[in-house]
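Student: missing the sequence, but the structure's below:
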């Protein structure tokens, strides 16, 4: 079973930065794509970013492009989401999720971490 544990959320002022971490318990990290999603009150879940395990290719939602950076440390089986220039509209619970490469559905989810950006 794949387990994901997020950390790094918190309260930050607008314009500030946070780095989220997602520790993934898999034997072969490279067989999975890891995505970051967020859910804000009253809004649908939004895909924020993802990174492919096979080749490290990345994707960003337009709403975060140029401000957020996804990266991975394969030695630590950890994926990071560096969030800069945070805005109040970035406030949400952030989740990381995993899917096997070639599968479109994210099967495994973390418990989420709250990010609150004050104006």
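Tutor: Nice, thanks for sending it over. Remember, it's a predicted structure, so these values are computed and weren't measured experimentally.
Student: dump the residue contacts of the residue nearest the centre of the chain.
Tutor: What sits nearest the mean C-alpha location of the chain, by CA atoms, centre = their mean, is residue 36, with 2.7 Å. Contact analysis of residue 36 by CB atoms under 8 Å, 6 or more residues apart in numbering lists 20, 22, 47-50, 70, 79, 81, 94-97. Just so you know, the C-beta spots here come from the backbone N, C-alpha and C atoms, and that holds for glycine as well.
Student: Buried subset of those, written for PyMOL?
Tutor: Command for PyMOL that selects the buried part of the contacts of residue 36, burial taken from 16 or more other CB atoms under 10 Å:
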select buried, resi 20+22+48+49+50+70+79+81+94+95+96+97
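Student: before we move on, the earlier item: would you double-check that the residue nearest to the centre of the chain falls in a strand?
Tutor: Yes - according to DSSP: H, G, I helix; E, B strand; the rest coil, residue 36 belongs to a strand.
Student: Can you read off the pLDDT for it?
Tutor: Residue 36 carries a pLDDT value of 98.
Student: Look up the closest residue to it, ignoring the ones flanking it.
Tutor: residue 48 (4.4 Å; CB to CB, 6 or more residues apart in numbering).
Student: where's residue 108 relative to residue 10, distance?
Tutor: Between residue 108 and residue 10 the computed distance is 24 Å (CB to CB, to the nearest Å).
Student: Nearest spatial neighbour of residue 74, chain-adjacent residues omitted?
Tutor: residue 29 (5.4 Å).
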